[in-house]
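Student: Pasting the sequence and the predicted model now:
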Amino acid sequence: MSVKPTKAMVLAAGFGLRMRPLTDKMPKPMVPVAGQPLLDHVLDKLAQAGVTDAVVNVHYLPDQIIEHTATRQHPRVTISDERDQVLGTGGGVVKALPLLGDAPFFHVNSDTLWIDGVRSNLTRLAENFDPASMDILLLMAPTATSIGYSGRGDYGMLPDGALRKRKEKEIVPFVYAGAAILSPRIFEGAPQGEFSLTKMFDRANEQERLFGLRLDGVWMHVGTPDAVHAAEEAFLESVA
């Protein structure tokens, strides 16, 4: 089984506080890395994976993102405007569900950045998503080879891809790389208003329907101004 999502949700509503001062007058998705905004790196990858329509949510300095994406055709961008409310990563998806349809869709953080290996990681996600056994398939980056990440990881991964959440003092080898395929089914009965998407990850995990796919390539955690420079160095090396 596999899927071919043509729709995507791109989270672009965050404040980017750790990216200050770059985000004092610019939303984080518009911060340039290797010649183009973070948001464009994500939208380009989605287009390459066959996505025709992307829903982009906005909150902080929204007009810059709205204007930047207004004429984009591949994929076409629909704005989910959250400027008057804070919905969190989960509530933002719930608000956008009517625009995303009934089929599994890509879900990507606008500030995630990776260099693909031999093949597109988003295409690999689509090929490996099995609706019969999965509600969520996360792209997982090995912590040891990621750039700009120094945390304890998010999940351990079994040989079949099933994920096991990190316990409080545990160190695990994989970190969520900010890209996934989600089934709308997992949002049935979801809370209204602000909540974190990790609540849905936990729900799928409890139902043994949360899986991961190891990223092929290099993932970059672009969370601070210093990390922007490290990511640009990695891009330069990848095309050298």
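Tutor: It's in. Model, not experiment: these values are computed from the prediction. Residues are numbered from 1 along each chain as shown.
Student: So what's the residue count around residue 103?
Tutor: For residue 103, the neighbour count with other C-beta atoms under 10 Å is 13. All C-beta spots, glycine's among them, are computed from the backbone N, C-alpha and C.
Student: host element of it?
Tutor: Using DSSP states H and E, residue 103 maps to neither a helix nor a strand.
Student: swap in residue 236?
Tutor: Using DSSP H and E, residue 236 sits in helix 225-239.
Student: how distant is that helix from the center of its chain?
Tutor: Centroid displacement of helix 225-239 relative to its chain, using C-alpha atoms, centre = their mean, to the nearest Å, is 19 Å.
Student: residues of it that come out buried?
Tutor: Within helix 225-239, the residues that count as buried by 16 or more other C-beta atoms under 10 Å are 227, 228, 231, 232, 234, 235.
Student: same thing with stretch 47-57?
Tutor: Across stretch 47-57, burial judged by 16+ other C-beta under 10 Å covers 47, 49, 51, 53, 54, 55, 56, 57.
Student: Can you list the residue ranges for strands in the protein?
Tutor: Using DSSP state E, the strands of the chain run over 7-11, 32-33, 36-37, 53-58, 76-81, 105-109, 112-116, 136-142, 155-157, 163-165, 174-182, 210-214, 217-221.
Student: for those strands, which one sits closest to residue 20?
Tutor: Of all those, strand 32-33 sits nearest to residue 20, with 15.8 Å by C-beta to C-beta.
Student: Note down every partner strand of that closest one and its orientation.
Tutor: Here strand 32-33 is paired, per DSSP bridges, with strand 36-37 (antiparallel).
Student: starting at the chain centroid, how far to the partner strand?
Tutor: For strand 36-37, the distance to the chain centre is 16 Å (C-alpha atoms, centre = their mean).
Student: do the same with stretch 180-195
Tutor: Distance of stretch 180-195 from the chain centroid (C-alpha atoms, centre = their mean) equals 15 Å.
Student: do the same with stretch 39-46
Tutor: Remark: stretch 39-46 is offset 11 Å from the chain centroid, using C-alpha atoms, centre = their mean.
Student: circling back: now the strands of the chain as a markdown table including mean pLDDT and distance to residue 190?
Tutor: Shown next, in a markdown table, are those (pLDDT from 0 to 100; distance: least, C-beta to C-beta, whole Å):
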| stretch | mean pLDDT | distance to residue 190 |
| --- | --- | --- |
| strand 7-11 | 97 | 14 |
| strand 32-33 | 92 | 32 |
| strand 36-37 | 94 | 30 |
| strand 53-58 | 97 | 16 |
| strand 76-81 | 96 | 16 |
| strand 105-109 | 97 | 14 |
| strand 112-116 | 93 | 23 |
| strand 136-142 | 97 | 13 |
| strand 155-157 | 94 | 21 |
| strand 163-165 | 93 | 19 |
| strand 174-182 | 96 | 11 |
| strand 210-214 | 98 | 15 |
| strand 217-221 | 93 | 27 |
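Student: Can you lay out those as CSV showing distance to residue 128?
Tutor: Output for those, formatted as CSV (distance: least, C-beta to C-beta, whole Å):
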stretch, distance to residue 128
strand 7-11, 17
strand 32-33, 27
strand 36-37, 28
strand 53-58, 21
strand 76-81, 26
strand 105-109, 13
strand 112-116, 15
strand 136-142, 6
strand 155-157, 13
strand 163-165, 13
strand 174-182, 9
strand 210-214, 5
strand 217-221, 15
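Student: Distance check, the residue nearest to residue 186 when sequence neighbours are not counted against residue 214.
Tutor: Spatial nearest neighbour of residue 186, excluding adjacent residues (C-beta to C-beta, 6 or more residues apart in numbering): residue 135 at 4.3 Å. Per C-beta to C-beta, to the nearest Å, residue 135 is found 19 Å from residue 214.
Student: of the two, who's got more company?
Tutor: More crowded of residue 135 and residue 214, by other C-beta under 10 Å: residue 135, with 24 against 15.
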